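>>> Show me how the following folds:
(chains A and B)
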Amino acid sequence: MEELKEIEKVGFKVDEKERTGSFIQKDNEVISFKSFQEGVEVLSIDKAIEKYPEIKKNYYGKGFEEINKDYEEDTEGGYFIRVKKGVKTLFPVQACLFLKSKKFRQKVHNIVIVEEDAELYLITGCTSAKETENSYHIGISEFFIHKNGFLNFTMIHSWKEDIEVEPKSIAIVDENGIFISNYISLKPVKKIVMYPTSVLKGKNSRARFNSIIISYPDSYQDIGSRCILLNQNTSTEIISRAISYGGKVIARGHIKADSPNVKGHLECKGLIISENGTIHAIPELETNYRDVELSHEAAIGKIKKEEIEYLASRGILEEEAQSLIIRGFMNVEILGLPEIIENEIKKSIYSVSSGI
Amino acid sequence: MLKIENLSVKSGDNLILKDISLEVKKKDITIIFGPNGSGKSTLIKTIIGISGYEVVEGAIYFENENIINLPVSKRASMGIGIMFQNPPKIHGLRIYEIAKYLNKNENEIKKLAEKLNILEFLRREINVDLSGGEIKRVELFQVLLQKPKLLLLDEPESGVDIENISVMGNVLNEYLNENECSALIITHTGYILDYINAKNGCVLIDGKIRCKSEPFKIFEMIKKSGYKICEKCEDGRIERN
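Numbers count the residues shown, from 1 in each chain, chains lettered A, B, ... in the order given. The predicted model follows:
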């Protein structure tokens, strides 16, 4: 099946080997949801609300309420993933949101709950069939990381030139909790607008955002990450790498320290390969407190000739030297992923950087 | 092996090398001395083909082929290896990754890394978070993995502690002997001369070769009288002595 190939490109293993759970939705139809480990629930959002009505009261929309932000309520489908207290996933849980029909508007609402002392690696791949045209995807996601919980959430986007997407996500992190968000977009797309936010509510909680974005001609990607530090000893790091082969990238970052004794660092690097490319880095730091440590670092430029010639002087062809530098720039090792996912992403970066 | 004929090189509007002729034969090691800014690094970079240095006249023959219009990678694959004085940082690319590119024999990679005391930082990014001396050892490591026929070394020992100069000197000497390799070496300190068997030397002053002689003789003379004596000197005077 042609579709399976597309799905596998975004880290979804059709054979479900080395996965703890699996969810797949095509357009607005949930195809399947499974869990292979006790203490890990993977359901469709509708099934979950039917089974546990209290989710509606305790979680649904609560993340957005926390930051007084509206969200689309006319969603259809989405996943519900919950890892029970103390449970750690052996392998990642995988989810795939797939666009198939022409001019379709896929709108999903996802909820992920990591209970106390639990740990979850989640990989979500969003992609489309070749025959899709002018479609739209909006993913509302709410992540709740309870005390001492750990969530590593990786989202891989692989769209087409005529697709517009608008993910909206909120993570609420309790005491000692850790939220790591990785975002990877390596394929052409018409438009992406997203500004995922994490709220560090509990003491000593941490959040890290990593994004790797490639932009192609005629595309518009306004992509940022925001962290609100609400309690003592919370800290965050926001790291982004953007490469423009001709499109426009707005790389935003915002750290808001709403408590003393917090730390945050923002690092935003951009590489412009084509003369028609645009990268606009907008790092923002904000606080009303004195005892905070916030910093940012932003740099945009082209590949230095000196670096290419240095590698060429080792006998590496100039084109290959350029790909090596690009691959190095998009260093996926920073994502802290389990080896199996890291290798999958490396493979796809390899094919992208060699093909240009 | 390498034959430079009447080479003049410009960088921007400045004529840096003026009518240089120099030959490095097979197994020959030639040392280039000269004050800062005399054009030594320009000469080496021009041989490998780094951009920004324009050959306005003359030719560079490597194994009888004029290489001045060949890309850098081609010159390297023909057998020219270079160790830069200030190599750039390559973020995200690890030393072992490039090593595997240069040499498919993992055993050889490991053995050379051990000899140069760099085994522990093979997982580091190229020239990132390395001290000056470590960078030099990593440079020598890379260039020797390439198995070049001609080595171009730009101040290989600068910034390296005495102990590691000896490590590098011995590794270099072993490579030169075992592979019948030729070399063109820039040195300020002269330390490297204690480890290799260099028979030819020359002094570059203001883009011109001012004298040719045995490297030790030149080095002693510079130590005693500085480069001033070379400025006054007629071409080849020491040689005649």
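>>> The residue positioned nearest the centre of chain B: what's it in contact with?
Central residue check for chain B by Cα atoms, centre = their mean: the C-alpha nearest the mean position is that of residue B:153, 1.7 Å away. Residue B:153 makes contacts with B:82-83, B:172, B:183-186, B:192, as judged by Cβ atoms under 8 Å, 6 or more residues apart in numbering or on different chains. (C-beta placed from N, C-alpha, C; glycine too.)
>>> Tell me the bridge partners for residue B:182.
residue B:150 (DSSP bridges).
>>> and chain A, which residues reach chain B?
Residues of chain A lying close to chain B by Cβ under 8 Å from any Cβ of the partner chain are A:304-307, A:309-318, A:321, A:324-325, A:327-331, A:333.
>>> One more pass at 7 Å, please.
Proximity of chain A to chain B, by Cβ under 7 Å from any Cβ of the partner chain, involves residues A:304-307, A:309-310, A:312-318, A:324-325, A:327-329, A:331.
>>> Just the buried ones from those, in PyMOL syntax?
This is how PyMOL selects the buried members of the residues of chain A next to chain B, with burial counted by 16 or more other Cβ atoms under 10 Å in any protein chain shown:
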select buried, chain A and resi 307+309+310+312+313+314+315+316+317+324+325+327+328+329+331
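>>> Show me what the helix or strand residue A:311 falls within packs onto, helices and strands only.
Taking DSSP states H and E as the criterion, residue A:311 maps to helix A:305-312. Here helix A:305-312 touches helix A:318-329, helix B:72-78, going by 3 or more Cβ pairs under 7 Å, 6 or more residues apart in numbering or on different chains; DSSP states H and E.
>>> quick one: the residue of the stretch 201-350 of chain A found nearest chain B from residue A:269, how far?
Proximity of the stretch 201-350 of chain A to chain B (Cβ to the nearest Cβ) peaks at residue A:328, 2.9 Å away. With distances taken as Cβ to Cβ, to the nearest Å, residue A:328 is found 12 Å from residue A:269.
>>> related to what we said a few turns ago, pick out the shakiest of the helices and strands packed on helix A:305-312, pLDDT-wise.
When those are compared by mean pLDDT, helix A:318-329 comes last with a mean of 90.
>>> ok, then the element right after that one?
Following helix A:318-329 in sequence, per DSSP H and E, is helix A:339-355.
>>> What are the buried residues along that following helix?
Here helix A:339-355 shows A:340-341, A:344-346, A:348-349, A:352-353 as buried, counting by 16+ other Cβ under 10 Å.
>>> Repeat that for stretch B:84-95.
B:84-85, B:87-88, B:90, B:92-95.
>>> Go ahead and confirm residue A:155 touches residue A:124.
Yes: the pair residue A:155 and residue A:124 passes the contact test of Cβ atoms under 7 Å, sitting 4.9 Å apart.
>>> Can you tell me which residues in chain B are near chain A?
B:48, B:50-51, B:71-73, B:76-77, B:82, B:84, B:87-88, B:90-93, B:98, B:101-102, B:142, B:146.
>>> Name the nearest residue to residue B:23, ignoring sequence neighbours.
Spatially, and ignoring its direct neighbours in sequence, residue B:23 is nearest to residue B:3 (4.9 Å; Cβ to Cβ, 6 or more residues apart in numbering or on different chains).
>>> in chain B, which helix or strand is least confident?
Ranked by mean pLDDT, DSSP states H and E, the weakest helix or strand in chain B is helix B:237-240, scoring a mean of 47.
>>> Wait, a strand at residue A:80?
Yes: in this structure, residue A:80 lies within a strand as judged by DSSP: H, G, I helix; E, B strand; the rest coil.
>>> Just the element for residue A:23, please.
strand A:21-26.
>>> which secondary structure element contains the residue in chain B that chain A sits nearest to?
Taking Cβ to the nearest Cβ, chain A has its nearest neighbour within chain B at residue B:92, 2.9 Å off. When elements are assigned from DSSP H and E, residue B:92 belongs to strand B:90-94.
>>> Residues in contact with that strand: which ones?
Strand B:90-94 is contacted by residues A:307, A:324-325, A:327-329, A:331, B:123-128 when judged by Cβ atoms under 7 Å, 6 or more residues apart in numbering or on different chains.
>>> Would you map the helices across chain B?
B:40-48, B:72-78, B:95-102, B:106-115, B:132-145, B:162-179, B:215-225, B:228-232, B:237-240 (DSSP state H).
>>> Give me the mean pLDDT for the fourth one.
The average pLDDT within helix B:106-115 is 94.
>>> which residues touch it?
Applying Cβ under 7 Å, 6+ apart, the contact partners of helix B:106-115 are B:99, B:103, B:119, B:122, B:141, B:144-145, B:171.
>>> Can you convert these into JSON lines and add a column each for neighbour count and pLDDT?
Listed next are these as JSON lines, based on neighbours: other Cβ atoms under 10 Å in any protein chain shown; pLDDT from 0 to 100:
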{"residue": "B:99", "neighbour count": "22", "pLDDT": "94"}
{"residue": "B:103", "neighbour count": "17", "pLDDT": "91"}
{"residue": "B:119", "neighbour count": "15", "pLDDT": "92"}
{"residue": "B:122", "neighbour count": "17", "pLDDT": "92"}
{"residue": "B:141", "neighbour count": "24", "pLDDT": "96"}
{"residue": "B:144", "neighbour count": "25", "pLDDT": "96"}
{"residue": "B:145", "neighbour count": "22", "pLDDT": "95"}
{"residue": "B:171", "neighbour count": "19", "pLDDT": "95"}
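>>> Would you point out the most distant pair within those?
B:122 and B:171 (16.0 Å; Cβ to Cβ).
>>> before we move on, back to that, how near is the residue of chain B closest to chain A to residue B:109?
Where residue B:109 is concerned, residue B:92 sits at a distance of 20 Å (Cβ to Cβ).
>>> So what's the residue count around residue 214?
No chain in the question, so chain A it is. 27 (other Cβ atoms under 10 Å in any protein chain shown).
>>> was after chain B, sorry
Around residue B:214 sit 15 other residues, with neighbours defined as other Cβ under 10 Å.
>>> now residue B:108
By the criterion of other Cβ under 10 Å, residue B:108 has 15 neighbours.
>>> swap in residue A:54?
Neighbour tally, residue A:54, other Cβ under 10 Å: 9.
>>> mind checking how far it is from residue A:60?
For residue A:54, the distance to residue A:60 - Cβ to Cβ - is 10 Å.
>>> ok, back up a step: could you dump the buried residues of helix A:339-355 into JSON lines and include distance to residue B:17?
As requested, these are exported to JSON lines (distance: Cβ to Cβ, whole Å):
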{"residue": "A:340", "distance to residue B:17": "54"}
{"residue": "A:341", "distance to residue B:17": "53"}
{"residue": "A:344", "distance to residue B:17": "51"}
{"residue": "A:345", "distance to residue B:17": "47"}
{"residue": "A:346", "distance to residue B:17": "44"}
{"residue": "A:348", "distance to residue B:17": "47"}
{"residue": "A:349", "distance to residue B:17": "42"}
{"residue": "A:352", "distance to residue B:17": "42"}
{"residue": "A:353", "distance to residue B:17": "37"}
